[in-house]
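Trainee: A predicted structure for the sequence below; I have some questions about it.
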Amino acid sequence: MLKTVGNPSTRFGDQTIVNGNLVIGTSGKGIDFSATPGTGTSELLDDYEEGTWTPSVSSLSGTITTVGSVTGTYTKVGNLVTLQAFIPIADNGTGAGALVVTSLPFAPSATASIYSGQGLNNTNAKALTVYCQSSILYVRLYDATYPLTSGEVAVITICYPT
């Protein structure tokens, strides 16, 4: 049900949706913020999505023997994607160099080559650095060493443009 606030005979007015959703039924259409001051190239919000993704995990060198149940979530607003992942390493085996995460739900923009993020070794509370290059996330400890041993968990977040 759409409720009009104000006199509909003189203007469309503010709208309140009492029951249901506002649905944009045509691709490329959205919420237009062009009435606000600014110098941006687009003031149309025409894309919002949130969901889950399943990261693929390996190591830069060596082999991780057993990866636990890896989960990921994402939010995409316009052309900005925010990814989060929970990565438990049950048995690290000979994994070394960096934790490598692939199968991103959206490819990063090709206009820049590196995006950075952050994370936490959830077991020992050490800070992690995350960087994205060519649709691959590389995760290391704050001091550029390998981030996890057997039984440890990485929790990471990164934002990048598509």
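Mentor: Right, received. Where do you want to start?
Trainee: could you verify my assumption that residue 77 touches residue 48?
Mentor: Yes: Residue 77 is within contact range of residue 48, at 5.5 Å (criterion: CB atoms under 8 Å). Every C-beta, even on glycine, is put in place using the N, C-alpha and C of the backbone.
Trainee: dump the helix or strand hosting residue 15 to CSV, keeping only the CA atoms.
Mentor: Assigned by DSSP states H and E, residue 15 belongs to strand 14-17. Output in CSV follows, covering the C-alpha atoms of strand 14-17 (Å, rounded to 0.1, in the frame of the first residue of the first chain):
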residue,chain,number,x,y,z
ASP,A,14,6.6,12.2,0.0
GLN,A,15,5.7,8.5,-0.1
THR,A,16,5.4,6.0,2.7
ILE,A,17,5.3,2.3,1.9
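Trainee: what comes up buried for that strand?
Mentor: Within strand 14-17, no residue counts as buried by 16 or more other CB atoms under 10 Å.
Trainee: what pairs with that strand, parallel or antiparallel?
Mentor: Partners of strand 14-17 in the sheet, by DSSP bridges, are strand 2-5 (antiparallel).
Trainee: average pLDDT for the strand it pairs with?
Mentor: Mean per-residue pLDDT for strand 2-5: 54.
Trainee: over to stretch 115-125?
Mentor: Rounded mean pLDDT across stretch 115-125 is 86.
Trainee: give me the contact list for that stretch.
Mentor: The contact list for stretch 115-125, computed with CB atoms under 8 Å, 6 or more residues apart in numbering, reads 83, 108, 126-132, 137, 139, 141, 147-148, 151-161.
Trainee: switch the cut-off to 6 Å
Mentor: For stretch 115-125, the external contacting residues (CB atoms under 6 Å, 6 or more residues apart in numbering) are 128, 130, 131, 132, 152, 153, 154, 155, 156, 157, 158, 160.
Trainee: by neighbours, which of those wins?
Mentor: Of all those, the highest neighbour tally under other CB atoms under 10 Å goes to residue 154, namely 25 neighbours.
Trainee: just the element for that residue, please.
Mentor: Element membership of residue 154, judged by DSSP H and E, is strand 152-161.
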